[in-house]
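>>> need coordinates for the following:
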Amino acid sequence: MLSKRLTLFVRSIVLAAMLVAAGCTASPPVQEMSDARQAITAAKEAGAAEYAAEELDAAVEFLNSAEIYLKNNAFHFARRDAIAAKSKALDALKLSEADQE
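The predicted model follows:
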């Protein structure tokens with residue numbers, strides 16, 4: 001009797017842990033997408049198309065990829081590419097500002 005209760009308890013814990021883990025990764029990367037878009041806009045306004053075209057293009061490609069993943073509910077990959085887009089856009093922004101000094 002005790003082992004049956006213990007088995008049921010362990011199964012309940014495992015199920016609860018799986019639901020918590022699924023809930024943590026199942027949310028859309030809204031903030032990351034917004035951050036990436038804002039960083040790309042800032043880079044463009046700083047002249048990245050002229051001074052850091054390669055980095056800006058990479059940022060836009062990552063953002064496009066993130067949007068495709070987002071539409072397919074692949075939130076983990078969308079988040080990863082949105083973060084990469086922001087990083088590349090910030091690189092482009094820094095290069096643009098440095099070249100204009």
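
>>> right, and Lys88 touches Ala52 too?
No. Lys88 is beyond contact range of Ala52, at 9.3 Å (criterion: Cβ atoms under 8 Å). For glycine as for every other residue, the C-beta is placed from the backbone atoms N, C-alpha and C.

>>> which neighbours do the two share?
Among the neighbours of Lys88, none is also in contact with Ala52 (Cβ atoms under 8 Å, 6 or more residues apart in numbering).

>>> Leu93 touches Ala48, doesn't it?
Yes. Here Leu93 reaches Ala48: they are 6.4 Å apart, a contact under Cβ under 8 Å.

>>> centroid residue for the chain?
Note on the chain: the residue nearest the mean C-alpha position is Arg79, at 2.0 Å, using Cα atoms, centre = their mean.

>>> any idea how far it is from Tyr69?
8 Å (Cβ to Cβ, to the nearest Å).

>>> then Lys88?
For Lys88 relative to Tyr69 (Cβ to Cβ), the value is 16 Å.

>>> these two: who's more crowded?
Lys88 (26 against 19; other Cβ atoms under 10 Å).

>>> can you tell me the SS state at the more buried one?
helix (DSSP: H, G, I helix; E, B strand; the rest coil).

>>> pLDDT score for it?
Predicted confidence (pLDDT) for Lys88: 97.

>>> contacts only, for it.
Residues counted as contacts of Lys88 (Cβ under 8 Å, 6+ apart) are 55-56, 58-59, 62.

>>> which of those residues fall in helices?
Members of these lying in helices (criterion: DSSP state H): 55-56, 58-59, 62.
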